[in-house]
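Visitor: Below: sequence and its predicted model.
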Amino acid sequence: MTLSTEEKTRQIQSLYRTSFSCYPSIAPTICEHYTRQCDVVAMCCNQVFGCRLCHDESSDHKIDRHATEEMVCRVCKKRQPVNEFCGEACCGWKSTFYFCKVCKFWSDDAVKKIFHCAECGICRVGKREEFQHCSGCNLCLPPAMFSEHTCCNSNDNCSICGELMQNSRVPISILRCGHALHNKCLEEAQLNGLFYCPLCRKSFVKPEQFDHEGFDRMLQINIMPEEYQHFTATISCNDCNKTSETPFHFVGHRCLHCNSLNTICLTKTRNQQV
């Protein structure tokens, strides 16, 4: 009978919890970030943590994941040099689904695919063949995004949640302007009505992708009061950075240069009566 990947993972975890003759109690330490059978000894403070994220969340400094030299087996509790599995002969931990000796990273999650990118210098979530490294961004990107993206600085933080892009464990989106956000942060921003980059105010989409028909319908439905029907607005476009003049309207204004709806009203002046 062929087991599914999920069933294999459950059975592996069940084996880890089985009592071995020389170690009667082997319940693994709980780590909410990764499924693994060891803790790491942080070289910076000589303390034991479930993983680098556990360290960073409970400390006032960041761990250097590459500098880790020791681990503590959760099965036999033996502190020992970093290895793919426990070096104790009678310990039950003798296999690891994924191990990176560069990042000092272990994972027994058979479902989550992980690969090490030598150019990035860290492990990434996903299949290696589904990503392409960009030396300009210093990030691994899906080929579909790679072909048309504007390079960002991976040493910057997500402008929504503030997490460093380079160390992100979740997929990211590179905006037209070159700034980057987590996919989930971008989706949440759009659900809350934000349609432009929080840093530079460039639109998430190209000007021609705006719903211009919907905008025109709103202008027709929302008739301006008589006292405001004879005003001209001077507007500045956040997408092309040009200014133009157009009839003033409470709903908004369209850039006369690029047709973007992402504009700011600088001034409004009453037209002279003829």
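Guide: That came through, no problem.
Visitor: Gln80 pairs with what?
Guide: Note on Gln80: beta-bridge partners Met71, judged by DSSP bridges.
Visitor: residues in contact with it?
Guide: Glu70, Met71, Val72, Cys73, Cys86, Gly87, Glu88 (Cβ atoms under 8 Å, 6 or more residues apart in numbering). Backbone N, C-alpha and C define where each C-beta goes, glycine included.
Visitor: can you put those in a markdown table and add pLDDT and neighbour count?
Guide: Below are the contacts of Gln80 laid out as a markdown table (pLDDT from 0 to 100; neighbours: other Cβ atoms under 10 Å):
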| residue | pLDDT | neighbour count |
| --- | --- | --- |
| Glu70 | 96 | 17 |
| Met71 | 96 | 24 |
| Val72 | 96 | 17 |
| Cys73 | 96 | 23 |
| Cys86 | 96 | 22 |
| Gly87 | 94 | 15 |
| Glu88 | 94 | 17 |
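Visitor: Distance to Cys120 for these - can I get that in a markdown table?
Guide: Putting the contacts of Gln80 into a markdown table (distance: Cβ to Cβ, whole Å) gives the following:
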| residue | distance to Cys120 |
| --- | --- |
| Glu70 | 25 |
| Met71 | 23 |
| Val72 | 28 |
| Cys73 | 29 |
| Cys86 | 29 |
| Gly87 | 29 |
| Glu88 | 33 |
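Visitor: Out of those residues, which comes closest to Ser159?
Guide: Nearest to Ser159 among the contacts of Gln80: Met71, at 35.8 Å, using Cβ to Cβ.
Visitor: Check the gap between the closest one and Glu32 for me.
Guide: Met71 sits 18 Å away from Glu32, going by Cβ to Cβ, to the nearest Å.
Visitor: cool, and Val125?
Guide: Applying Cβ to Cβ, the value for Val125 to Glu32 is 16 Å.
Visitor: ditto for Gly121
Guide: When distance is defined by Cβ to Cβ, Gly121 is 25 Å away from Glu32.
Visitor: And the strands in the stretch 101-250 of the chain?
Guide: Assigned by DSSP state E, counting those that start in this stretch, the stretch 101-250 of the chain shows strands spanning 105-107, 114-117, 122-125, 132-134, 139-141, 172-174, 180-182, 231-237, 243-247.
Visitor: where among those is the average confidence lowest?
Guide: In terms of average pLDDT, strand 172-174 trails the rest of the strands of the stretch 101-250 of the chain, at a mean of 81.
Visitor: Who are the packing partners of it?
Guide: Counting contacts by 3 or more Cβ pairs under 8 Å, 6 or more residues apart in numbering; DSSP states H and E, strand 172-174 packs against strand 180-182, helix 183-191.
Visitor: Pull out the buried positions in the longest one.
Guide: Across helix 183-191, burial judged by 16 or more other Cβ atoms under 10 Å covers Cys185, Leu186, Ala189.
Visitor: The first one reaches Cys161, doesn't it?
Guide: Yes - here Cys185 reaches Cys161: they are 5.5 Å apart, a contact under Cβ atoms under 8 Å.
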